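1. With the sequence up front, the predicted model follows.
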Amino acid sequence: MKFILLFAAALVITGAILYNRLIRGRNRVATAWSDIDVQLQRRHDLIPNLVKAVEQYAEHERTTLTAIAELRTEARRTTGIEERGEIEEQLSAGVQRLISLAESYPDLKANENFLSLQRELVETENYLQFARRYYNGSVHDYNTLTEVVPSNLVASLFRFTPSPFFQKSSDDIANVPLIKLGSIE
């Protein structure tokens, strides 16, 4: 009888420890997503100003500017992490095209407002890249907890579900060189 009570106590304690690890993992994922969301919001706030700066010099690039504005709006409306990742990747490619337009417009390349926005955007993309890596690492750890024995038993009992990875790749735009008055920084 004593053995059964000790075994039951050990199961309850183990279950509580695993439950708390799952809670910490889920909270870490939520916090990491919040960091990504902050950087995405910052980028979304910069894009209209960048579009306006380019618009003054490259009026016939209206298609690119409109596509970026539409992607920004769609990204802000999308709530699913996987769908948002796809849209954000398209948005990054569009912003990269927008920044590369400066090569075709010397006056734009020399515009301080454009250069400042470009620097801020590259900085934001770098922060976003770090936040994405942290988020995906947190998701990996949490998802592993929900899948391995014995924590998967507690996870299924309390309906912990795996979290999706954020597959957005901001590496390309994060490495765009800053252009300043005909020289590359």
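-> Looks like it came in fine.

2. the helices in this structure, which residues?
-> Along the chain, counting by DSSP state H, helices occupy 2-57, 62-77, 81-100, 106-109, 112-147, 151-157, 171-174.

3. got the angle between the longest one and helix 112-147?
-> Same thing as helix 2-57. 160 degrees (axes from the mean of the first three to the mean of the last three Cα atoms, to 10 degrees).

4. ok, back up a step: for Phe165, which of the helices of the chain is the nearest?
-> helix 112-147 (5.1 Å; Cβ to Cβ). Backbone N, C-alpha and C define where each C-beta goes, glycine included.

5. what helices or strands is the closest one leaning on?
-> helix 2-57, helix 81-100, helix 151-157, helix 171-174, strand 179-180 (3 or more Cβ pairs under 8 Å, 6 or more residues apart in numbering; DSSP states H and E).

6. Can you check which of the helices of the chain gets nearest to Pro164?
-> helix 81-100 (4.7 Å).

7. What helices and strands are in contact with that closest one?
-> The helices and strands touching helix 81-100, judged by 3+ Cβ pairs under 8 Å, 6+ apart, are helix 2-57, helix 62-77, helix 112-147, helix 171-174.

8. can I get those helices in CSV with mean pLDDT?
-> Formatted as CSV, the helices and strands packed on helix 81-100 follow (pLDDT from 0 to 100):
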stretch, mean pLDDT
helix 2-57, 94
helix 62-77, 90
helix 112-147, 93
helix 171-174, 44
